[in-house]
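Asker: Quick one: sequence and predicted model below, then my questions.
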Amino acid sequence: MYPFKQGSFAPRNGWYVAAFCNEIGEPLLSRWILNQPVVLYRKADGTAVAVEGRCPHRHFPLGDSKRVGDAIQCGYHGITFGADGKCTFVPSQTTVPGVLSIRSYPLVERGLWAWIWPGDPALADESLIPTLQEIGYRLDAGFHAQPFYYTHVSGRYQLLNDNLLDLTHLGYLHGGSIGTADDAATPEVRDQDARRLRSRRTMVNTPPTPAIRQRFGHEGLVDRVSGLDFFFPGFHAGVGDSWVAQGLPDAGKPLADSRVWHAVTPGTRHTTHYFFAMGSNDRDGVEFMVDYLKPVIAEDVFATEAIEKIISTMDEVPTELMLRSDTTAVMGRRVLQAMMDAEAAAQPS
Ligand code: FES
Ligand SMILES: [Fe+2]
């Protein structure tokens, strides 16, 4: 499936964000993840769990069923499943066939996020989840981190990854808020390892973004560093730092200091869960940005959904025209394709 090879959708053996931790509570939360219906909830002891969202009897949605203690009782004929997925009760008979079990998924809470492993549970290695240190999430009292928005996007997930891997769009799609023309005109420095793909732009003596002007009343030039680390397969941890430019009174004075986190999780083949969160030493700044960034994220969602509409509606979509600035996005696509190829190769034929 575009932009991947025919037959490729998404890597399954990887940690994806299933939900912000604060979305998971006592009520059953239904969410499609990599084309599978999943139910998330918190047991009485506070542990968050993820189980299959389809009853194996007649496919009734378990997310629309009933909690009985830590178990789920199917809303159709009452078959009951424990939080580990094992069937515990069948109302119409005294025996409980093991085959009636549902799948339970590895789920780990770290930082603001609950991470799910949709693939082979035997391969679910927690050390593959980005560490808080790696994503710039600090636990000291001066640092404030906050989930901002969960958005259900009507577009395939890779359109959002491509968006985040090409920040030349900041000065155009978001020209009125978080970007300037220098975001596109400044060369990127990239670095890739087995866990993540990093891209950074350092802008010196550059005009302030509208966000900096509005938040700090600063009209003079600034120095800025901007970029994201793409942790495979679906988490982007970014920096957006700026200082008063050299040569001005107050040169080097910090202005914005933010860590931004975008989690991109395939829902179905043509829908995506998009989780945006932010952290900073500047608590007031985070609170300012909650409202400020709402229309900015809506611009990315608009672009994603509008592109999805075009590529999934046209009879034939011409090959896209690539620019040098697409290098990071292409590198990101290659990593995901390689993960999918490795999974396909490991499947028994
Ligand atoms: S469909 Fe769930 S018990 Fe029948
Ligand atoms: Fe954007």
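Answerer: Nice, thanks for sending it over. Computed from a prediction, not measured in an experiment: that's the story for all the values here. Residues are numbered from 1 along each chain as shown. Ligands and ions are numbered 1, 2, ... in the order given.
Asker: excluding its backbone neighbours, what's nearest the spatially most central residue of the chain?
Answerer: Centroid-nearest residue in the chain, with Cα atoms, centre = their mean: Ala263, separated by 1.3 Å. Nearest residue to Ala263 in three dimensions, chain neighbours excluded: Val17, at 3.6 Å (Cβ to Cβ, 6 or more residues apart in numbering). Quick note: C-beta positions are derived from backbone N, CA and C, even for glycine.
Asker: surely that neighbour meets Gly111?
Answerer: No: using Cβ atoms under 8 Å, Val17 is not in contact with Gly111, being 9.7 Å away.
Asker: how would you label the residue nearest to the centre of the chain: helix, strand or coil?
Answerer: Using DSSP: H, G, I helix; E, B strand; the rest coil, the structure places Ala263 in strand.
Asker: Could you double-check that it sits in contact with Thr272?
Answerer: No: assessed by Cβ under 8 Å, Ala263 is found out of contact with Thr272, at 10.1 Å.
Asker: can you list the weak-confidence ranges in the stretch 201-349 of the chain?
Answerer: 349 (pLDDT under 70).
Asker: Which residue does it have closest to ligand 1?
Answerer: Across the stretch 201-349 of the chain, the shortest distance to ligand 1 (Cβ to the nearest ligand atom) belongs to Thr268, at 21.3 Å.
Asker: In three-state terms, label that residue for me.
Answerer: Thr268 - assigned by three-state DSSP - is coil.
Asker: now do Leu336
Answerer: From three-state DSSP, the assignment for Leu336 is helix.
Asker: got the contact list for it?
Answerer: Phe4, Ala10, Pro11, Gln158, Asn161, Phe232, Pro233 (Cβ atoms under 8 Å, 6 or more residues apart in numbering).
Asker: Can I get these in TSV including neighbour count, distance to ligand 1 and secondary structure?
Answerer: As requested, the contacts of Leu336 are exported to TSV (neighbours: other Cβ atoms under 10 Å; distance: Cβ to the nearest ligand atom, whole Å; DSSP: H, G, I helix; E, B strand; the rest coil):
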residue	neighbour count	distance to ligand 1	secondary structure
Phe4	16	34	coil
Ala10	26	28	coil
Pro11	23	31	coil
Gln158	23	34	helix
Asn161	24	36	helix
Phe232	20	36	coil
Pro233	23	32	coil
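Asker: What does Glu298 show for phi and psi?
Answerer: For the record, residue 298 is Ala, not Glu. Ala298 adopts backbone torsions of phi -60, psi -30, taken as degrees, to the nearest 10.
Asker: Over to Pro121?
Answerer: According to degrees, to the nearest 10, Pro121 has phi -60, psi -30.
Asker: list the contacts for it?
Answerer: Here Pro121 is in contact with Tyr105, Pro106 (Cβ under 8 Å, 6+ apart).
Asker: ok, it to ligand 1 distance?
Answerer: 23 Å (Cβ to the nearest ligand atom, to the nearest Å).
Asker: Then Arg190?
Answerer: Taken as Cβ to the nearest ligand atom, the span from Arg190 to ligand 1 is 50 Å.
Asker: Now do the same contact list for that residue.
Answerer: Taking Cβ under 8 Å, 6+ apart as the test, what Arg190 contacts is Leu197, Arg198, Ser199, Arg200, Thr327, Thr328, Met331.
Asker: how much space is there between Gly98 and Ala298?
Answerer: 47 Å (Cβ to Cβ, to the nearest Å).
Asker: Look at these two and report which has more neighbours.
Answerer: Using other Cβ atoms under 10 Å as the criterion, Gly98 and Ala298 rank with Ala298 on top: 12 against 7.
Asker: Spell out which residues make up each domain of the protein.
Answerer: Structural domains assigned to the chain are 16-123, 136-345, following automatic domain parsing.
Asker: could you dump those to a markdown table with distance to Ile129?
Answerer: Conversion of the domains of the chain to a markdown table gives the following (distance: least, Cβ to Cβ, whole Å):
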| stretch | distance to Ile129 |
| --- | --- |
| domain 16-123 | 5 |
| domain 136-345 | 9 |
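Asker: now the strands for the stretch 1-150 of the chain?
Answerer: For the stretch 1-150 of the chain, the strands defined by DSSP state E, counting those that start in this stretch cover 16-20, 29-33, 36-42, 48-52, 66-68, 71-73, 80-81, 87-89, 104-105, 107-110, 113-116, 144-153.
Asker: chain center to the longest one: distance?
Answerer: If you compare the mean C-alpha spot of strand 144-153 with that of the full chain, they lie 10 Å apart, counting by Cα atoms, centre = their mean, to the nearest Å.
Asker: averaged over its residues, what pLDDT does that strand have?
Answerer: Averaging pLDDT along strand 144-153 yields 98.
Asker: do the same with stretch 57-76
Answerer: 98.
Asker: gap between the two ends of it?
Answerer: 9 Å (Cα to Cα, to the nearest Å).
Asker: how about it, does it reach ligand 1?
Answerer: Yes: Stretch 57-76 is in contact with ligand 1 by Cβ under 6 Å from any ligand atom, via His57, Arg58, Phe60, Cys74, Tyr76.
Asker: Ignoring the adjacent residues along the chain, who's closest to the last one?
Answerer: Leaving aside its sequence neighbours, Tyr76 sits nearest to Phe60 (Cβ to Cβ, 6+ apart; 3.9 Å).
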